[in-house]
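>>> Prediction below, plus the sequence it came from.
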Amino acid sequence: MSEVVATNETIMVVGGGISGLTAALEAAECGKQVLLIEKAPTVGGRVGQLYKYFPKLCFPTCGLEIQYRRLKANKNIRLMTMTEVAGISGEAGNYSVDLKVAPRYVNENCTACGDCANAVEAEVDDAHNYNMKKTKAAYLPHNMAYPQRYVIDPSIIGTADADKAKAACKVGAVDLEMQEENLSVTVGSVIWATGWKPYDAAKIQPYGYDRYDNVITNVEFERMMDPKGPTGGKIQRADGTTPKNIAFIQCAGSRDRNHLKHCSRICCMASLKQTTYVAEQLGDECKSTIYYIDIRAIDRIDDFHQRVKQDPNVSFVKSKVANIVGGSDGNVVLRGVDTEGYNRYANEHDLVVLATGMQSTVPTGIFPEGTVINEHGFIDLDESNGGIFGAGCSSDALDVNRAAQNATAAALRAIQVVNQVAGTEG
Amino acid sequence: MSEMNQAMIEKYRSNFLQEVEANVEEGHWVKMCMQCGVCSGSCPMENNWDHPPQELFMMIRANKRDEVLSSSSMWMCTSCYNCIARCPRGLPITHIMHGLASYGKRMGLAPKEQPTVKFGDIFWKSIVENGRVNELKIGVGLYFMNGFVQGIKNALAGKELGLAMMKTKRMNPMEYFGGHKCKDRSGIAKMLAKAAEFEAEHVAKFGK
Ligand SMILES: Cc1cc2nc3c(=O)[nH]c(=O)nc-3n(C[C@H](O)[C@H](O)[C@H](O)COP(=O)(O)OP(=O)(O)OC[C@H]3O[C@@H](n4cnc5c(N)ncnc54)[C@H](O)[C@@H]3O)c2cc1C
Ligand code: SF4
Ligand code: SF4
Ligand code: SF4
Ligand code: SF4
């Protein structure tokens, strides 16, 4: 790994989700050198965990595939997976970055044949499926993983399972001697695009995510739709039965001083989209009810909202649910007062989807002093940030379309910084 | 209706929100309410009142001055703080409720027959007279507030508690006849008179 070449004319992009990929590609296609750092064993980010994209309801594989093709074709991008940034110091045009590379225990020879996975017995939590199921301890993160290279979970290193994986591999790709590596590089500009994580639903005490099996989150609901997901593509309750009356609770942990203060912007659209999943799979057999403060489907995506409103199986209750209590047969009862008439309700549902929001993953303590991270954890656009720019969900809660636009803007800013170093500008 | 009430109506014309912001404890928070309903849904008073907090805040914006200030709703708040703990906007709802109640009272609009209002009256009377609270008189006053027959019934229902309190010297029946008073009663009276003067000045200022 120590042969990583980067100079102060290099742009480092941290995070290989849709935003990081876009920023890296835009800069690289302008002829700039790009170092793309990804913590996970694969790029693609959260988008790969969605079933379909609003507003067009196409499969995310399509958008990702285009980016992957551009990535493979571009010689200016150096991709490092399983790598994290430990610290950044210096100033625009001259940053020194410490990187920490975790061992994958599988090298470039891997053909993704899957023999190692068949050989090992141990199973580990499947992060791609939000731990709703297990995966073998030698695994490919998911079908759309890039690079298409297996990973051996560190938990089996030193056990017989690891030796089985090694023995199963016909091309000598398993390397159990790999060690964590620390290295330091110099770059001219940094684009931070580490995206978001779902807000921890268990913190919203009145909703009982940790108490009721049939209270789940919107990201888990997305995973249910994947034929290779935890339920084999079926919308179901904890006991495996099919729901007939689903509730979606908006702003679960967003727009709330006790949780995330910001509006996560995508969760209204995500719930509207998810009612179309219900319609697609269960038709008239299942009702959807959306409990909301106000539906924030802005400008042209409001057409989508209007379309969903036409569906007789979808209803809307203008109220933020106050709390959830247990009901019979694993059902739960949503309690609150609606804003249109101030009527108290106690409605029973057999499955509840919490529209949890997006929490920034921008870390603290690794950026040069003075870098402006706002109260919501997003990197602001600010002079004092020098050559460091937030992109996508590291700059705000954004949908894919806006994240990509935002990432392109970040790439243009970073290009100006390295151009100045090269003396081609200013 | 009180003079003060007329003065305030004059002063704020049809902007009740402004009036609340300027005169009600924590009233400046009212405009921050986003009408989500969490406070109302979390309130243990359930259906026992006319207007849950969320609705009162909307009524303030809608200029429903009389309905708000004469409502019994805020007098029923038990100060459980559920609403404050959950409000996504951080409104000090409990305090606003009490602020509205006391403002309604000052305006002479508080509902006369509401038990909490009555309790307040009796409590206040006791303080003005004795410079301290006479618990026995307040208790008896409350028992009989809905008439003599109901009062006897109430008293019999609370008999066990009363006897137990006497036994443990928590209550002295002789207190009912006179009862002991605070040391400097005239000082207290002067202080209250001064407060009434301030109030009158306040009215005069707005009355013009
Ligand atoms: C339930 C739900 C449904 C949604 N549905 C839609 C939809 O239908 N349409 C739509 O347009 N949008 C949708 N969104 C929003 C969409 O997911 C985001 O817009 C998109 O994921 C933003 O991409 P990103 O690259 O900014 O972040 P991410 O997708 O989070 O990518 C960040 C990348 O950075 C990596 N990373 C994280 N930390 C580090 C680190 N420290 N170092 C290095 N790398 C790191 C991660 O592994 C990941 O690969 C939905 C969101 C939710 C919650
Ligand atoms: S490591 Fe070897 S056995 Fe495992 S998938 Fe790759 S090539 Fe196949
Ligand atoms: S997008 Fe909708 S559900 Fe999400 S935080 Fe904003 S208003 Fe609430
Ligand atoms: S919980 Fe707060 S924001 Fe919501 S209706 Fe009540 S006061 Fe308004
Ligand atoms: S503090 Fe008062 S208004 Fe708030 S929830 Fe309790 S009783 Fe209701």
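Cool, the structure landed. As the structure is a computational prediction, the values presented were derived from the model and not from experiment. Ligands and ions are numbered 1, 2, ... in the order given.

>>> tell me the contacts of B:Q114?
B:72, B:75 (CB atoms under 8 Å, 6 or more residues apart in numbering or on different chains). Using the backbone N, CA and C atoms, a C-beta is placed for each residue, glycine as well.

>>> these two touch, right, A:K244 and A:S288?
No: A:K244 sits out of contact with A:S288 when judged by CB atoms under 8 Å, with a separation of 10.5 Å.

>>> Pick out whichever of those two has more residues nearby.
Set side by side, A:K244 and A:S288 show more neighbours around A:S288, with 27 against 13, by other CB atoms under 10 Å in any protein chain shown.

>>> State the helix or strand in which the residue nearest to the more buried one when sequence neighbours are not counted lies.
In space, not counting the residues next to it along the chain, A:S288 is nearest to A:T275; the distance is 4.3 Å by CB to CB, 6 or more residues apart in numbering or on different chains. According to DSSP states H and E, A:T275 maps onto helix A:267-282.

>>> Same check on A:S315?
strand A:314-318.

>>> and the residue in chain B that ligand 2 sits nearest to, how far is that from A:I290?
Nearest to ligand 2 in chain B, going by CB to the nearest ligand atom, is B:P88, at a distance of 48.1 Å. Remark: distance between B:P88 and A:I290 (CB to CB, to the nearest Å) = 18 Å.

>>> Neighbour count: these two, which is higher?
Applying other CB under 10 Å to B:P88 and A:I290 shows that A:I290 carries more neighbours, namely 24 against 20.

>>> Residues contacting the longest helix along chain A, please?
Counting residues, the longest helix found in chain A (DSSP state H) is helix A:400-422. The contact list for helix A:400-422, computed with CB under 8 Å, 6+ apart, reads A:8-11, A:17-20, A:22-24, A:26-27, A:30, A:32, A:47, A:53, A:60, A:63, A:92-94, A:188-191, A:193, A:386-387, A:389-393, A:395-396, A:398, A:425-426.

>>> let's see it at 7 Å
A:8-9, A:11, A:18-19, A:22-23, A:26-27, A:30, A:32, A:47, A:53, A:92-93, A:188-189, A:191, A:193, A:387, A:389-393, A:395, A:398, A:425-426 (CB atoms under 7 Å, 6 or more residues apart in numbering or on different chains).

>>> now do stretch A:232-247
So stretch A:232-247 is in contact with A:213-214, A:224-227, A:277-278, A:281-282, A:285-289, A:291, A:330, A:334, A:349-353, going by CB under 7 Å, 6+ apart.

>>> Which among those count as buried?
A:214, A:224-226, A:277-278, A:282, A:286-289, A:291, A:334, A:349-353 (16 or more other CB atoms under 10 Å in any protein chain shown).

>>> Tell me which of those residues fall in helices.
Per DSSP H, the buried ones among the contacts of stretch A:232-247 map to helices at A:224, A:277-278, A:282.

>>> Get me the contact residues on chain B for ligand 4.
Selection of chain B residues close to ligand 4 by CB under 6 Å from any ligand atom yields B:33-39, B:53-54, B:57, B:87-89, B:91, B:93.

>>> please redo it, this time with the cut-off set to 5 Å
Proximity of chain B to ligand 4 (CB under 5 Å from any ligand atom) is limited to residues B:33-34, B:36, B:38-39, B:54, B:87, B:89, B:91.

>>> one step back: could the ones in helices among the buried ones among the contacts of stretch A:232-247 be laid out in a markdown table, adding distance to A:Y68?
As requested, those are exported to a markdown table (distance: CB to CB, whole Å):
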| residue | distance to A:Y68 |
| --- | --- |
| A:M224 | 25 |
| A:Y277 | 25 |
| A:V278 | 31 |
| A:L282 | 33 |
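
>>> What is the burial count for A:R104?
Neighbours of A:R104 (other CB under 10 Å): 20.

>>> Would you enumerate the residues in contact with it?
A:41, A:82, A:151, A:178.

>>> residues in contact with the last one?
Right, the one you point to is A:M178. A:103-105.

>>> Can you tell me which of these comes closest to ligand 1?
A:R104 (14.5 Å).

>>> Helix, strand or coil: sort out the closest one for me.
Under the three-state scheme (DSSP: H, G, I helix; E, B strand; the rest coil), A:R104 adopts coil.

>>> Now the phi/psi pair for it, please.
Per-residue torsions, A:R104: phi -90, psi -20 (degrees, to the nearest 10).

>>> ranges for the helices of the stretch 51-200 of chain A?
Along the stretch 51-200 of chain A, counting by DSSP state H, counting those that start in this stretch, helices occupy A:60-73, A:115-119, A:160-168.

>>> just chain B next, same as before
Using DSSP H, helices in chain B cover B:3-12, B:16-23, B:38-42, B:53-61, B:65-69, B:82-86, B:93-106, B:115-130, B:135-143, B:148-157, B:159-167, B:185-207.

>>> picking up where we left off before, out of the ones in helices among the buried ones among the contacts of stretch A:232-247, which is nearest to ligand 4?
Using CB to the nearest ligand atom, those come closest to ligand 4 at A:V278, 28.1 Å.

>>> Identify the residues contacting the closest one.
Per CB under 7 Å, 6+ apart, neighbours of A:V278: A:235, A:246, A:286, A:288.

>>> change it to 6 Å
Contact analysis of A:V278 by CB atoms under 6 Å, 6 or more residues apart in numbering or on different chains lists A:286, A:288.

>>> Leaving out the residues flanking it, which one is nearest to the residue of chain B closest to ligand 2?
A:D256 (3.8 Å).

>>> again, but for A:L35
Nearest in space to A:L35, with sequence neighbours left out and distances taken as CB to CB, 6+ apart, is A:M12 at 4.7 Å.

>>> thinking the one you found is in contact with A:V187, fair?
Yes: applying CB atoms under 6 Å, one finds A:M12 in contact with A:V187, separated by 4.2 Å.

>>> Would you point out which residue of the stretch 51-200 of chain A is nearest ligand 5?
Proximity of the stretch 51-200 of chain A to ligand 5 (CB to the nearest ligand atom) peaks at A:Y199, 24.8 Å away.

>>> Isn't that residue up against A:S254?
No: the pair A:Y199 / A:S254 is not scored as a contact, 7.0 Å apart, by CB under 6 Å.

>>> check contacts around the closest residue to A:D380 other than its chain neighbours.
Nearest in space to A:D380, with sequence neighbours left out and distances taken as CB to CB, 6+ apart, is A:V372 at 4.5 Å. Taking CB under 6 Å, 6+ apart, we find A:V372 in contact with A:380, A:382, A:385.

>>> mind running it again at 8 Å?
A:379-380, A:382, A:384-385.

>>> Mind pulling the model confidence for the residue of chain A found nearest chain B?
For chain A and chain B, the shortest gap (CB to the nearest CB) falls at A:A322, measuring 2.6 Å. Per-residue pLDDT puts A:A322 at 97.

>>> what does A:S264 give?
Value for A:S264, per-residue pLDDT: 96.

>>> Give me the neighbour count for it.
So A:S264, with other CB under 10 Å, has 28 neighbours.

>>> what's the spacing between the nearest residue to B:P173 once chain neighbours are set aside and ligand 1?
For B:P173, ignoring the flanking residues on the chain, the nearest one in space by CB to CB, 6+ apart is B:M166 at 6.5 Å. For B:M166, the distance to ligand 1 equals 64 Å [CB to the nearest ligand atom, to the nearest Å].

>>> just B:I60 next, same as before
Applying CB to the nearest ligand atom to B:I60 and ligand 1 gives a distance of 36 Å.
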